[in-house]
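Novice: Sequence plus the predicted model coming up.
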Amino acid sequence: MSSEGDPSRDELFGVLGDDRRRAALACLVDATAPLPLPALAERVADREPDEVAVDDLVVELHHVHVPRLRAVGLVRVEGEGAGRRVAAVEDVRERLAPLSDALGDVDGSGGQTSG
């Protein structure tokens, strides 16, 4: 984390470098209310190109993806145990702004823009 407590661009790119984490965050941004992990897993599974076991995805979200998204401040977790629900933070788009700024520094060919 940067000294201000906000994640750096590299931390955000690192966390969002995983397809499944991006899918989970997109599902949470689209949701109108916090989602229980099984509901989030079903939504993420629907976005997968191949069939995936939802029960396995619940475990993966719980132990891997949600903690990584939470660590950089993109999601919040409410409740405990079976009542645990996950939501994107209200200012998620603002928190992702450094990525947009970084991509603005790169031209369409994948190289750095000059000047």
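Specialist: The structure has been received and is ready for your questions.

Novice: contacts for stretch 95-102?
Specialist: Residues from elsewhere that reach stretch 95-102 (Cβ atoms under 8 Å, 6 or more residues apart in numbering): D6, P7, S8, R9, L12, F13, L16, V72, G73, L74, V89. Bear in mind the C-beta positions are built from the backbone N, C-alpha and C, glycine included.

Novice: And the strands in this protein, which stretches?
Specialist: 35-36, 75-78, 85-88 (DSSP state E).

Novice: deepest of those, which one?
Specialist: Among these, strand 85-88 has the highest mean neighbour count (mean count of other Cβ atoms under 10 Å), at a mean of 20.

Novice: and that one, what other elements does it pack with?
Specialist: helix 19-30, strand 35-36, helix 37-47, strand 75-78 (3 or more Cβ pairs under 8 Å, 6 or more residues apart in numbering; DSSP states H and E).

Novice: JSON lines for those, including distance to V59 and mean pLDDT?
Specialist: Below are those laid out as JSON lines (distance: least, Cβ to Cβ, whole Å; pLDDT from 0 to 100):
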{"stretch": "helix 19-30", "distance to V59": "12", "mean pLDDT": "95"}
{"stretch": "strand 35-36", "distance to V59": "14", "mean pLDDT": "98"}
{"stretch": "helix 37-47", "distance to V59": "9", "mean pLDDT": "96"}
{"stretch": "strand 75-78", "distance to V59": "15", "mean pLDDT": "96"}
